[in-house]
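Engineer: this one's structure only:
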């Protein structure tokens with residue numbers, strides 16, 4: 001496949017609005033492409049810039065004989081996984097979930113998704 005053909009595939013672009021010491025801007029990444037990132041003053045600029053970065057990222061991989069990952073298919077994930085944790089952490093999370101009045105699963109989801 002060529003870089004142009006890869007760019008027609010449904011890759012997962014993530015654009016976040018950030019405010020930090022650099023100011024206010026939009027930061028874009030591609031879930032499937034490690035290290036592929038860009039930014040822009042607004043959402044549209046960040047989107048255009050990440051598309052350009054994606055093309056360069058793909059071209060570099062192909063030119064150097066590396067494979068380009070295909071898009072992650074959302075339906076390959078069930079939403080369930082098994083995680084083993086220490087008994088003390090399990091106990092603490094169960095107590096915190098009870099104090100919040102939610103199930104342990106709901107509380108773990110909340111804690112995992114908090115940034």
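Structural biologist: That came through, no problem. The model shown is predicted, which means the values in this text are computed figures rather than measured ones.

Engineer: pLDDT at the residue positioned nearest the centre of the chain, what is it?
Structural biologist: With distances taken as CA atoms, centre = their mean, residue 31 lies nearest the centre of the chain, 4.7 Å away. pLDDT recorded at residue 31 is 94.

Engineer: torsion angles phi and psi at residue 84?
Structural biologist: Here is the backbone geometry of residue 84 (degrees, to the nearest 10): phi -100, psi 130.

Engineer: ok, it to residue 107 distance?
Structural biologist: For residue 84, the distance to residue 107 (CB to CB, to the nearest Å) stands at 18 Å. C-beta: built from backbone N, CA, C; applies to glycine.

Engineer: between those two, which is the more surrounded one?
Structural biologist: Neighbour tally, residue 84 and residue 107, criterion other CB atoms under 10 Å: the higher count belongs to residue 107, 19 against 5.

Engineer: and the longest helix for the chain?
Structural biologist: The helix that spans the most residues within the chain, counting by DSSP state H, is helix 43-63.

Engineer: go through the least confident helix or strand in the chain by mean pLDDT and flag the buried ones.
Structural biologist: Using mean pLDDT, DSSP states H and E, the weakest-scoring helix or strand in the chain turns out to be helix 104-113, at a mean of 88. For helix 104-113, burial by neighbour count (16 or more other CB atoms under 10 Å) applies to 107-108.

Engineer: now what about that helix, what contacts it?
Structural biologist: Helix 104-113 has contacts (CB atoms under 8 Å, 6 or more residues apart in numbering) with 93-94, 96-97, 100, 102.

Engineer: and the residue of the chain positioned farthest from its centre, how close does it get to residue 58?
Structural biologist: Ranking residues of the chain by C-alpha distance from their mean position (CA atoms, centre = their mean) puts residue 99 at the top, at 30.9 Å. Distance of residue 99 to residue 58, computed by CB to CB: 49 Å.

Engineer: domains of this protein?
Structural biologist: 3-63, 78-113 (automatic domain parsing).

Engineer: among these, where is the model least confident on average?
Structural biologist: When I compare these, domain 78-113 is least confident, with a mean of 90.

Engineer: how far does that one sit from the chain's center?
Structural biologist: Relative to the centre of its chain, domain 78-113 is centred 22 Å away, using CA atoms, centre = their mean, to the nearest Å.
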